[in-house]
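Colleague: Sequence and predicted structure below; questions after.
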Amino acid sequence: MTADGLGFAEAELSHDAFLGGRITLYQPKSGYRAGIDPILLAASVPARRGERVLDLGCGAGPALLALGARVPGLSLTGLERQAAYADLAVRNAGATGIAARIFAADLREMPAELRAESFDHIIANPPYFQAADRTAARDAGREAGRGEETPLADWVRAGSKRLAPAGRLTMIVRAERLPELLDAMQGLLGSLEVQPLAPRTGRAARLVLVRGRKGGRAEFRLHAPIVLHEGSHHVRDGEDYAPRIRAVLREAAALHFGASDQ
C-alpha cells in the first residue's frame, strides 16, 4: 500500500491481459488477483446491449469489464467495499475504454444513488471460503477476497432488492456452498439454474454458476457439468483448457448454461 494506506504504489501492481488482450487490468502483485473465475462468471451472463449491470464486490473490475468487452453498449456499475480495489476498477475501466461507474461501499450499506436504481443483471463472485473454515491470508486484500465476512444470504438479499422485474442474479461459488446459496435464493428468486464446472472428465465439480430470476416461475434446472480441461489428467506443460473454455478465456466467447452451446 502507499504511505497513506489508501491505494497501491505502482511497484506493487502488475498489468495483466485477459480475453486475449481485449482488456488489461492493473492488479496487486501480492493481494487478491483475478483468475479465470470472474471471466467464466462474466461469460455466463446473457446480457444484451442497453441493459443495466451491477457487479457486487467488483474488486479491480475483471468480471464487469470482461462482460463489457463481450457485450458492447451495456450500462455497467461496480460496488466494492475495499477503496483501494475500487480505485483500481476506476483506473482499469478508464484504461480499457469501457465506461463504468464504481462505488466504494459495502453491499449492506449501498449509497442512496444505487438504492434508487434497478438492474437487469446483477453478478457476484463472493469470497469462496467461510472465515472460520480456513487460515487467514497474510495480505488483507487477498483475505477479503477469499475469506467471507458477509454471509451469502446478505449478497443474495442485496442483489435481489436491486433487480428489475424479470432481472437475473448470477453468482459463482464453490460447490460445497451450493446448498447455502440455494437456500438464500429461495423465496427471493425463481427459475433457479445451476451450472456445475468440473475440472476434468470424471471429476466432481468444484465450482458452480448459479442463476435466479426475479419473479421467475420455471422449474429448477441442474445442468450437465461443463468440463474446464481436456483429458482425465494433466499430461503436458502449458494450459490444456477444453476448446469451449479456451474460446471463453481467449476470444471473449459466451458460456451458455447447459451441455450445448446452441
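Modeller: Great, that's in hand. Nothing here was measured: the structure is a model prediction, and the numbers come from that model.
Colleague: now the strands for the stretch 51-200 of the chain?
Modeller: 52-56, 75-80, 100-104, 119-124, 129-130, 147-148, 163-174, 190-198 (DSSP state E, counting those that start in this stretch).
Colleague: Check the secondary structure at residue 258 for me.
Modeller: Here residue 258 is recorded as coil under DSSP: H, G, I helix; E, B strand; the rest coil.
Colleague: which residue sits closest to residue 88 in space, ignoring its chain neighbours?
Modeller: Of all residues not flanking residue 88 in the chain, residue 60 sits nearest, at 4.0 Å (C-beta to C-beta, 6 or more residues apart in numbering). (Glycine included, C-beta is placed from N, CA and C.)
Colleague: what's around that neighbour, how many residues?
Modeller: Per other C-beta atoms under 10 Å, the neighbour tally for residue 60 reads 35.
Colleague: go on, residue 166?
Modeller: Neighbours of residue 166 using other C-beta under 10 Å come to 11.
Colleague: How much space separates it from residue 211?
Modeller: According to C-beta to C-beta, to the nearest Å, residue 166 and residue 211 sit 13 Å apart.
Colleague: Show me the helices in this structure, by range?
Modeller: For the chain, the helices defined by DSSP state H occupy 37-43, 62-70, 83-96, 112-115, 140-146, 152-162, 178-185, 243-251.
Colleague: Highest mean neighbour count across these, which stretch is it?
Modeller: Highest mean neighbour count among those (mean count of other C-beta atoms under 10 Å): helix 62-70, with a mean of 26.
Colleague: For that one, give the mean pLDDT please.
Modeller: What helix 62-70 shows for mean pLDDT is 98.
Colleague: Determine how far that helix lies from the middle of the whole chain.
Modeller: 10 Å (C-alpha atoms, centre = their mean, to the nearest Å).
Colleague: What lies in contact with it?
Modeller: 18-19, 22-23, 25, 27, 34, 38-39, 41-43, 45, 47, 53, 55, 58, 74, 76, 78, 89, 92-93, 96, 98-100, 123, 125, 252-254 (C-beta atoms under 8 Å, 6 or more residues apart in numbering).
Colleague: Taking helix 243-251 as reference, get the angle to it.
Modeller: Here helix 62-70 points in a direction 90 degrees away from that of helix 243-251 (axes from the mean of the first three to the mean of the last three C-alpha atoms, to 10 degrees).
Colleague: how about the CA coordinates for helix 62-70, as PDB?
Modeller: In PDB, the C-alpha atoms belonging to helix 62-70 read as follows (Å, rounded to 0.1, in the frame of the first residue of the first chain):
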ATOM      1  CA  PRO A  62     -12.300  -8.300 -14.000                       C
ATOM      2  CA  ALA A  63     -15.900  -9.600 -14.300                       C
ATOM      3  CA  LEU A  64     -17.500  -6.300 -15.000                       C
ATOM      4  CA  LEU A  65     -15.000  -5.300 -17.700                       C
ATOM      5  CA  ALA A  66     -14.900  -8.700 -19.300                       C
ATOM      6  CA  LEU A  67     -18.700  -8.600 -19.700                       C
ATOM      7  CA  GLY A  68     -18.400  -5.100 -21.100                       C
ATOM      8  CA  ALA A  69     -15.800  -6.300 -23.600                       C
ATOM      9  CA  ARG A  70     -18.000  -9.100 -24.800                       C
END
